[in-house]
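> Only the shape, not the letters, is given here:
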């Protein structure tokens with residue numbers, strides 16, 4: 001049997017000569033985005049500000065590693081190791097203290113040691129395609145400024161772009177910190193920040209460990225533990241069995257993963273602030289202590305069951321009452337954003353105003369406006385969650401539809417408008433959402449109505465028109481550079497992208513690419529474009545203005 005080793009390791013031992021981390025070429029590229037990198041720093045900063053001496057855990061690594069040998073292949077943990085290396089590099093290049101700078105550099109790069117026969121080398125070696133880039137622009141001392149000066153559009157891989165973007169995000173934040181606060185973070189990283197390192201010399205064993213660690217529904221979950229506490233607090237056997245049955249019924253209805261998510265949302269509804277520690281430690285103090293030991297049945301009957309039903313109605317858009325169509329349409333719109341941070345507020349609304357569809361319609365309109373604006377502006381997790389937490393506080397205080405947290409500031413409105421007016425296509429996460437919303441307004445429909453297996457966003461004026469085509473006659477290079485990726489030049493299609501068809505002249509594009517079978521097209525936005533005889537800069541400018549104006553009116557911007 002292969003030997004398995006698992007240890008809690010302080011960060012200064014993880015980034016030491018004990019480990020020579022290699023990212024195998026078969027691993028996926030580095031893919032963390034700015035939000036995830038910034039969230040890592042936010043979590044560390046919050047742990048720093050709490051000022052306690054308790055250990056801070058950053059998760060786990062799974063390695064293929066022979067005992068006693070530093071070389072190891074990273075099976076799980078690449079994203080975290082890479083981002084931590086970026087963080088250390090930014091801290092290194094920002095510090096004015098030479099001694100601290102050298103100490104940080106030694107965490108990033110192993111210095112040579114002729115006595116021990118060690119060669120100088122980076123602690124973490126990336127996949128071959130990105131290794132030289134990462135060493136040159138991150139691990140090399142003083143290289144961060146050079147990285148930030150690069151034009152991201154010229155970088156060879158998405159991983160390199162992610163490295164540059166995340167470095168810029170961390171640098172922007174840490175540069176605003178005082179030298180003393182940065183030193184505090186460095187000390188926290190060195191003294192009380194830990195990773196759980198799991199190592200086995202066998203690749204198959206490492207993958208099996210990784211699969212087990214990431215299998216959902218196999219380990220005892222926090223909700224299982226809460227259930228044992230709740231049901232165990234009931235003295236009456238009949239009541240205990242009744243509550244257990246109700247609990248199991250709603251868990252089965254939602255599914256194990258969504259049921260676990262419900263408890264995260266309940267924590268937010270009750271505590272109205274971002275989580276600082278894992279659910280298992282926070283939920284009993286923040287929620288359960290209000291019900292245990294004497295009101296365990298109340299928690300099941302008045303909290304778990306009705307909130308689970310509300311969760312299912314939101315998730316499945318199956319609210320049932322007069323006016324349900326409009327309410328369910330808002331649920332569908334909200335679910336198209338890239339986060340569920342809005343859900344506690346929606347759960348609160350449905351739980352407290354279930355029988356008032358008119359109120360729910362107005363509430364969810366305001367919630368979608370706020371959610372859409374933060375989505376389009378790419379607001380990070382922490383400020384986004386804080387905004388929803390403030391909304392929940394105001395709702396509990398009775399402020400209802402006039403809650404100030406719903407209101408967008410003039411700066412937020414202007415920023416949202418600027419994003420809508422800008423090169424929308426380049427922001428991959430938001431473009432389909434915005435286009436579906438404007439298409440919905442054009443068609444005067446309710447909710448996302450398309451039951452289509454595929455919806456793609458396409459350019460009218462192509463990204464790379466062929467030399468000598470009519471496109472190059474209608475638009476000069478500056479005009480193409482300005483208009484190509486803006487809202488007015490984009491349409492929705494229910495077909496796979498066709499690289500050849502994308503470059504057709506406008507007439508051929510309409511006939512062969514923008515229409516469906518039988519000449520019909522399901523999207524109002526695309527149908528509108530088909531009405532034009534030609535696609536000129538004047539037409540495009542008018543289209544841009546019309547679409548942006550529709551969204552500005554819809555979201556009261």
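That came in fine, so what should we check first? Since this is a predicted model, take the numbers as computed values, not measurements.
> after the lowest-mean-pLDDT helix or strand in the chain comes which helix or strand?
Ranked by mean pLDDT, DSSP states H and E, the weakest helix or strand in the chain is helix 203-213, scoring a mean of 66. Going down the chain from helix 203-213, the next helix or strand is helix 222-232, by DSSP states H and E.
> list the helices and strands the helix or strand that comes right after that next one packs on?
Per DSSP H and E, helix 222-232 leads on to helix 237-254 as the next helix or strand towards the C-terminus. The helices and strands touching helix 237-254, judged by 3 or more C-beta pairs under 8 Å, 6 or more residues apart in numbering; DSSP states H and E, are helix 222-232, helix 256-271, helix 296-299, helix 305-316. Any C-beta I mention is one placed from the backbone N, CA and C, and that applies to glycine too.
> What about residue 347, how many residues nearby?
Counted with other C-beta atoms under 10 Å, residues neighbouring residue 347 total 23.
> I misspoke; the intended subject was residue 398.
Neighbours of residue 398 (other C-beta under 10 Å): 8.
> Can you name the residues that contact it?
By C-beta atoms under 8 Å, 6 or more residues apart in numbering, the contact list for residue 398 is empty.
> Could you give the average pLDDT over the host helix or strand of residue 90?
In this structure, residue 90 is located in helix 78-94 according to DSSP H and E. Mean per-residue pLDDT for helix 78-94: 96.
> ok, then the element right after it?
The first helix or strand that comes after helix 78-94 along the chain, using DSSP H and E, is helix 98-108.
> which parts of that next one are buried?
Neighbour counts over helix 98-108 (16 or more other C-beta atoms under 10 Å) mark 100-101, 104-108 as buried.
> Any chance you could list what contacts that helix?
Under C-beta under 8 Å, 6+ apart, the answer for helix 98-108 is 11-12, 15-16, 85, 88-89, 91-93, 95, 122-123, 138-139, 141, 183, 186.
> how about 10 Å then?
Applying C-beta atoms under 10 Å, 6 or more residues apart in numbering, the external contacts of helix 98-108 come out as 11-12, 14-17, 84-95, 97, 111, 122-124, 135, 138-142, 179, 182-183, 186-187, 189-190.
> Please indicate which of these are buried?
Buried among the contacts of helix 98-108 by 16+ other C-beta under 10 Å: 11, 14-15, 84-95, 122-124, 135, 138-140, 182, 186, 189-190.
> before we move on, back to that, quick one: which of the helices and strands packed on helix 237-254 is nearest residue 439?
Judged by C-beta to C-beta, the one of the helices and strands packed on helix 237-254 that comes nearest to residue 439 is helix 305-316, at 23.0 Å.
> Now that closest one: buried residues?
The neighbour-count check on helix 305-316 (16+ other C-beta under 10 Å) flags 305, 307-315 as buried.
> again with stretch 486-495
486-493.
> distance between the ends of that stretch?
21 Å (C-alpha to C-alpha, to the nearest Å).
> just curious, which of the buried residues of helix 305-316 is nearest to residue 64?
Nearest to residue 64 among these: residue 315, at 39.3 Å, using C-beta to C-beta.
> thought that closest one was touching residue 261?
Yes - using C-beta atoms under 10 Å, residue 315 is in contact with residue 261, at 9.5 Å.
> Could you name every residue contacting both of those two?
Common contacts of residue 315 and residue 261, defined by C-beta under 10 Å, 6+ apart, comprise 254-255, 340, 343.
> Now render those residues as a markdown table, adding distance to residue 61.
Output for the shared contacts of residue 315 and residue 261, formatted as a markdown table (distance: C-beta to C-beta, whole Å):
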| residue | distance to residue 61 |
| --- | --- |
| 254 | 32 |
| 255 | 30 |
| 340 | 28 |
| 343 | 32 |
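> for the residues you listed, which one is nearest residue 162?
residue 340 (23.3 Å).
> how close does that closest one get to residue 328?
Distance, residue 340 to residue 328, using C-beta to C-beta, to the nearest Å: 17 Å.
> Same question for residue 454.
Taken as C-beta to C-beta, the span from residue 454 to residue 328 is 23 Å.
> of those two, who's got more company?
Higher neighbour count among residue 454 and residue 328: residue 328, with 20 against 9, using other C-beta under 10 Å.
> Surely residue 230 and residue 283 touch.
No - counting by C-beta under 10 Å, residue 230 stays clear of residue 283, with 11.3 Å between them.
> picking that back up, want to try TSV for the helices and strands packed on helix 237-254, with mean pLDDT and distance to residue 45 as columns?
TSV is the format used below for the helices and strands packed on helix 237-254 (pLDDT from 0 to 100; distance: least, C-beta to C-beta, whole Å):
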stretch	mean pLDDT	distance to residue 45
helix 222-232	83	25
helix 256-271	94	20
helix 296-299	95	34
helix 305-316	97	31
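> for the ones you listed, which one sits closest to residue 5?
helix 222-232 (27.5 Å).
> Contacts for that closest one next, please.
Residues external to helix 222-232 that are found in contact with it (C-beta under 10 Å, 6+ apart): 220-221, 239-241, 243-244, 247-248, 251, 256, 259-264, 278-284, 287-288, 291-293, 296-297, 299-300, 303-304.
> can we see that at 6 Å?
Residues outside helix 222-232 that contact it (C-beta atoms under 6 Å, 6 or more residues apart in numbering): 240, 243-244, 247, 260, 263, 279-280, 296, 299.
> Check stretch 330-345 too.
265, 268-269, 314, 317, 364, 367-368, 371, 375, 384-385, 388, 391, 429, 433, 447-448.
> could the buried residues of stretch 486-495 go into TSV alongside secondary structure, pLDDT and distance to residue 395?
Shown next, in TSV, are the buried residues of stretch 486-495 (DSSP: H, G, I helix; E, B strand; the rest coil; pLDDT from 0 to 100; distance: C-beta to C-beta, whole Å):
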residue	secondary structure	pLDDT	distance to residue 395
486	coil	97	37
487	helix	97	33
488	helix	96	38
489	helix	94	41
490	strand	94	37
491	strand	92	39
492	strand	90	35
493	strand	86	41
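> Report the buried residues of the lengthiest strand in the chain.
In the chain, taking DSSP state E as the definition, the longest strand is strand 56-65. Within strand 56-65, the residues scored as buried using 16+ other C-beta under 10 Å are 56, 58, 60-65.
> Show me what that strand is packed against.
Packing contacts for strand 56-65, counted by 3 or more C-beta pairs under 6 Å, 6 or more residues apart in numbering; DSSP states H and E, involve strand 71-76, strand 193-200, helix 203-213.
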